[in-house]
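Undergrad: Fold the following for me, if possible:
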Amino acid sequence: MRTVVGIFTSRADAERALRYLRSIGFGEDKINFLTPGASKEALEAVPTTETEQPGMGRALGTVVGGVAGATGATAAASLLIPGIGPVVALGVAAAALLGAAGGATVGGALENSLSQGLPKDELFVYEDALRQGRSVVVVLADEGVQADAVRNVLAQAGAEGLDVARERWWIGQRHAEEERYLAQGRDFKADERAYRRGFEAALHPVPRGKPYEEVREYLRERYPDVYHEEAFRRGYERGQAYYRDLMERYRV
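TA: As a prediction, the model looks like this:
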């Protein structure tokens, strides 16, 4: 099976792609949809019980109902993910989220959902897209013609590919990271490849929040050509700091 990912600026465009995919035979076991839920302001504006996040149930329930109705999906979940905020999920991801959280706030819920057959390596790209208010469609398709057909459907609906989104994410980080690296008297252009790989490695669900030495063997297995380089380690440490900052900045 091949994982095909499309990232949409418009949720309506993403829903249109989902409807078409369902019409040509893709079931919920093959389609996953993640989209930002209600805004923080909307959540806070709706009365709720003492045991529920302000407005969470009603505000997110409205979004879930709208998305499910627009796409014809039956499995839908909503929750607040630390570091991201309110998220609505359909398909396999929704079932996993419901199983892990029951529709409540849970740390690592998105990582848990991706353990159900979705790729983890680009988790940070999905998360960044959701923070930016964008929607993510992940489709499991057979290699070859079927996967190509899915790519065409997503592209025609206005999706950005995963590789493009990943590069966009790095471009957004690059200038600040280069300045920081140069201030240490180091050659960023020469070290960028290893530094970036270390930075991205720190955002993978397995080593997140863990010091380099604790996950050294894991990094050695995944990045055997660069894990031992100083630039990789510096990138890894910066990636860990970046993730901690995100969790603080986007704390729900």
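Undergrad: Please make it C-alpha for all contacts and neighbour counts, starting now.
TA: Will do.
Undergrad: Give the other helices and strands that the helix or strand encompassing A190 contacts.
TA: Using DSSP states H and E, A190 sits in helix 188-201. Judged by 3 or more Cα pairs under 8 Å, 6 or more residues apart in numbering; DSSP states H and E, the packing partners of helix 188-201 are helix 162-183, helix 230-249.
Undergrad: Flag the shaky bits of the stretch 1-150 of the chain, pLDDT-wise.
TA: Scanning the stretch 1-150 of the chain for pLDDT under 70 picks out the ranges 38-83, 92-119.
Undergrad: Pick the most buried one from the helices and strands packed on helix 188-201.
TA: helix 230-249 (a mean of 18; mean count of other Cα atoms under 10 Å).
Undergrad: Now the helix holding A190: buried residues?
TA: Of the residues in helix 188-201, 188, 191-192, 194-201 count as buried by neighbour count, 16 or more other Cα atoms under 10 Å.
Undergrad: Past that helix, which element shows up next along the chain?
TA: Heading C-terminal from helix 188-201 (DSSP H and E), you reach helix 216-222.
Undergrad: List the buried residues of that next one.
TA: Buried, per 16+ other Cα under 10 Å, within helix 216-222: 216, 219.
Undergrad: quick one on the thing from earlier: between the helices and strands packed on helix 188-201, which one is closest to P86.
TA: Nearest to P86, of all the helices and strands packed on helix 188-201, is helix 230-249, at 13.9 Å by Cα to Cα.
Undergrad: What helices and strands are in contact with that closest one?
TA: So helix 230-249, by 3+ Cα pairs under 8 Å, 6+ apart, packs with helix 188-201.
Undergrad: Pull the contacting residues for G239.
TA: By Cα atoms under 8 Å, 6 or more residues apart in numbering, the contact list for G239 reads 198-203.
Undergrad: go again using 6 Å as the cut-off
TA: Listed by Cα atoms under 6 Å, 6 or more residues apart in numbering, the contact partners of G239 are 199, 202.
Undergrad: hang on, the earlier thing: which one of the buried residues of helix 188-201 is nearest V150?
TA: V150 lies nearest to E200 out of these, by Cα to Cα, at 27.0 Å.
Undergrad: How much space separates the residue nearest to the closest one when sequence neighbours are not counted from G27?
TA: Closest residue to E200 apart from its sequence neighbours, by Cα to Cα, 6 or more residues apart in numbering: G239 at 6.6 Å. According to Cα to Cα, to the nearest Å, G239 and G27 sit 36 Å apart.
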